[in-house]
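Undergrad: sequence first, then the predicted structure, then my questions.
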Amino acid sequence: MPEDPRSDITPSATTRSDGTHYDVIVIGTGAGGGTFAHRLAPSGKRILMLERGGYLPRERANWDSTEVFVKGRYRAPEFWLDRNGNEFPPEVNYYVGGNTKFYGAALFRLRPQDFGELHHYDGISPAWPIAYSDLEPYYTEAEHLYDVHGRHGEDPTCGDATSDYPFPPVMHAPRIQQLADDLEKQGLHPFHLPIGVRLTQEPNGAAAHGSICIRCDRVDGFPCLVDGKSDAQVICVDPALRHENVQLITGAHVTTLETDPSGRTVTAVVTELGNGEVVRFSADIVVVSCGAVNSAALLLRSANDRHPDGLANGSGVVGRHYMRHNNLALMAVSKEPNPTRFQKTLALHDWYLGSDDFDHPMGGIQMLGKSDAEQIRANAPHWAGRISPEMPFDELARHAVDFWLCGEDLPLPENRVTLDRDGRIRLTLDENNNLEGLKRLRKELESRLCDLGMHENLLHHSIYLHKGMPIGATAHQAGTVRFGVDPFASALDVNCRTHEVDNLYVVDTSFFPSIGAVNPSLTAMANALRVGDHVLERLG
């Protein structure tokens, strides 16, 4: 996309004020911030979006497995610290559109039960201060905004929907249709995975002439070279910038938020630009959407006399209760070839809330993007020879069927984001939090592989999780600035405004008090629309 003239900043002094007072400043342009800005754009209010990165380069490397997965070409060039002070590369990307540039576009609703208290094997998943019914209309709006393909009613665990998805499901390829049929024969309920792609299908499921999405094998974990994926940049940020009242500044790293002497109002958004200049922006309302880790870090860095433990952190919860899901990326080897290219079309939630012999939630299963030889070769020392040592990587890839198992982890207060003395992010994480359900979910799938036409073993597809470093898999980060009705146990109220600072909101996945066992993006989008309506009403 050509650079928008409204994104230009001419440097003057080393530190200066922007000189313009905005109605709203939005920090971050991902699922939360981008959707929120899109909601407010038609209002005529003066809106400034600040994005730490720039537009993601459109280049052939976008679809290169080695560049994206093995070399981490687009991953942020930074390292965080684990609980022991060891560095690790987080799975974060600083671009317009945030991490949605790389997500698999699986846009699930949380189950109605996820909004209530759930008893897991290792503890309690707490209730939300709102119900499924409060968010349902916004789920529907978000599904229509993000061009979600699917069919409500197929998934027996999903709640009621105001209307169906705007587009029919992405049709299964023949091998995945056979998998769906075999699962149904076992009495299970596979359903079409709800996915946000800009696809027009022919009657046989192929991409129609004129379809933006070409139904390729690069949907999951890759940026889309043809803008066929419904990411926040394509769907929300670029359309918002067509409004003259909306401005975007890229290369804008917000370092701190300053308040008035009372500590009740943010008066300056202190931002370092790409040229090293520091600018102070001001607005009636400031909306933080940097991702759960960076949003918490920003509030902690913004400590002052009135907020000595971090901005809006009188409760002490900012940075705590970090969640990221218990995930397994696994590969099965089909006895028959699997020539599927667009594989991410099927999901299974039969054990989401438990089973006959396990009275606790287990989680969900969905398809991943299709493995290729480069990804398998990168993992070859770990597992590629276990099925058939003489099978070439290309042949193994031709038979691969890839699954993503997602279980809920619990919001433990000791799982937290803190800052070292030099300001570096430290992420403390118990990697063994609530794993029993995920282990049983894997056994349920593995016990059925022979009947599903596959070899008996599931193999770790660890390249998807940065070679098996669970702490580095931060794509589903949530929970560090939780909302609630009790200001002593939460940082945000039910409208995602901080209890202690009147004009400060947080609209990314930081607000989650629990994470469920589905991808969090759609809930962030729906909530951003909900909070957007509240802010519009407040602004009059």
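TA: That came through fine. Numbering: from 1, shown residues only.
Undergrad: gap between the longest helix belonging to the chain and the chain center?
TA: The residue-count maximum for a helix in the chain (DSSP state H) belongs to helix 521-539. Mean C-alpha position of helix 521-539 versus that of the full chain (Cα atoms, centre = their mean, to the nearest Å) differs by 17 Å.
Undergrad: contacting residues for residue 39?
TA: 528-529, 532-533, 536 (Cβ atoms under 8 Å, 6 or more residues apart in numbering). C-beta here means a position set from N, CA and C on the backbone, and glycine is covered the same way.
Undergrad: which element is it on?
TA: Counting by DSSP states H and E, the element that carries residue 39 is helix 31-40.
Undergrad: name the member of the contacts of residue 39 with the most neighbours.
TA: residue 528 (32 neighbours; other Cβ atoms under 10 Å).
Undergrad: part of a helix, is residue 176?
TA: Yes - per DSSP: H, G, I helix; E, B strand; the rest coil, residue 176 lies within a helix segment.
Undergrad: by contact count, what packs against the least confident helix or strand in the chain by mean pLDDT?
TA: Ranking every helix and strand in the chain by mean pLDDT, DSSP states H and E puts helix 373-379 at the bottom, with a mean of 73. Helices and strands touching helix 373-379, by 3 or more Cβ pairs under 8 Å, 6 or more residues apart in numbering; DSSP states H and E, are helix 393-399.
Undergrad: dump the helix it packs on to PDB, restricted to CA.
TA: C-alpha atoms of helix 393-399 as PDB (Å, rounded to 0.1, in the frame of the first residue of the first chain):
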ATOM      1  CA  PHE A 393      11.200 -35.400   3.300                       C
ATOM      2  CA  ASP A 394       9.200 -34.500   0.200                       C
ATOM      3  CA  GLU A 395       7.300 -37.900   0.400                       C
ATOM      4  CA  LEU A 396       6.800 -37.500   4.200                       C
ATOM      5  CA  ALA A 397       5.300 -34.000   3.500                       C
ATOM      6  CA  ARG A 398       3.000 -35.500   0.900                       C
ATOM      7  CA  HIS A 399       1.500 -37.800   3.500                       C
END
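Undergrad: who does it touch, helix- and strand-wise?
TA: Using 3+ Cβ pairs under 8 Å, 6+ apart as the test, helix 393-399 ends up in contact with helix 373-379.
Undergrad: dump the contacts of residue 39 to JSON lines, plus distance to residue 53.
TA: Below are the contacts of residue 39 laid out as JSON lines (distance: Cβ to Cβ, whole Å):
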{"residue": "528", "distance to residue 53": "19"}
{"residue": "529", "distance to residue 53": "24"}
{"residue": "532", "distance to residue 53": "23"}
{"residue": "533", "distance to residue 53": "28"}
{"residue": "536", "distance to residue 53": "27"}
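Undergrad: pick the one among the residues you listed closest to residue 48.
TA: residue 532 (15.4 Å; Cβ to Cβ).
Undergrad: re the thing from before, the longest helix of the chain to helix 31-40, inter-axis angle?
TA: 40 degrees (axes from the mean of the first three to the mean of the last three Cα atoms, to 10 degrees).
Undergrad: ok so residue 135 is a strand residue?
TA: No - in this structure, residue 135 is helix, not part of a strand, as judged by three-state DSSP.
Undergrad: just checking, it touches residue 531?
TA: No - applying Cβ atoms under 8 Å, one finds residue 135 not in contact with residue 531, separated by 11.0 Å.
Undergrad: these two - which one has more neighbours?
TA: Taking neighbours as other Cβ under 10 Å, residue 135 and residue 531 compare with residue 531 leading, 26 against 22.
Undergrad: right, and the more buried one touches residue 33 too?
TA: No - counting by Cβ under 8 Å, residue 531 sits too far from residue 33 to count as a contact (10.9 Å).
Undergrad: overlap in contacts, the two.
TA: Shared contacts of residue 531 and residue 33, counting by Cβ under 8 Å, 6+ apart, come down to residue 507.
Undergrad: ok so, going back, output the longest helix of the chain as CSV, restricted to C-alpha atoms.
TA: The C-alpha coordinates for helix 521-539 follow below in CSV (Å, rounded to 0.1, in the frame of the first residue of the first chain):
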residue,chain,number,x,y,z
SER,A,521,-8.6,-13.1,18.1
LEU,A,522,-12.4,-12.9,17.5
THR,A,523,-13.1,-12.2,21.2
ALA,A,524,-10.6,-9.3,21.0
MET,A,525,-12.3,-8.0,17.9
ALA,A,526,-15.8,-8.3,19.3
ASN,A,527,-14.8,-6.6,22.5
ALA,A,528,-13.1,-3.8,20.6
LEU,A,529,-16.4,-3.1,18.9
ARG,A,530,-18.2,-3.2,22.2
VAL,A,531,-15.7,-0.8,23.9
GLY,A,532,-15.8,1.3,20.8
ASP,A,533,-19.5,1.8,21.2
HIS,A,534,-19.0,2.8,24.8
VAL,A,535,-16.3,5.3,23.9
LEU,A,536,-18.4,6.8,21.1
GLU,A,537,-21.3,7.3,23.6
ARG,A,538,-18.9,8.9,26.0
LEU,A,539,-17.5,11.3,23.4
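Undergrad: quick one: list the elements packing against it.
TA: Checking 3+ Cβ pairs under 8 Å, 6+ apart, helix 521-539 ends up next to strand 15-27, helix 31-40, helix 132-145, strand 278-288.
Undergrad: tell me which residues of the last one come out buried.
TA: The reference is to strand 278-288. 279-288 (16 or more other Cβ atoms under 10 Å).
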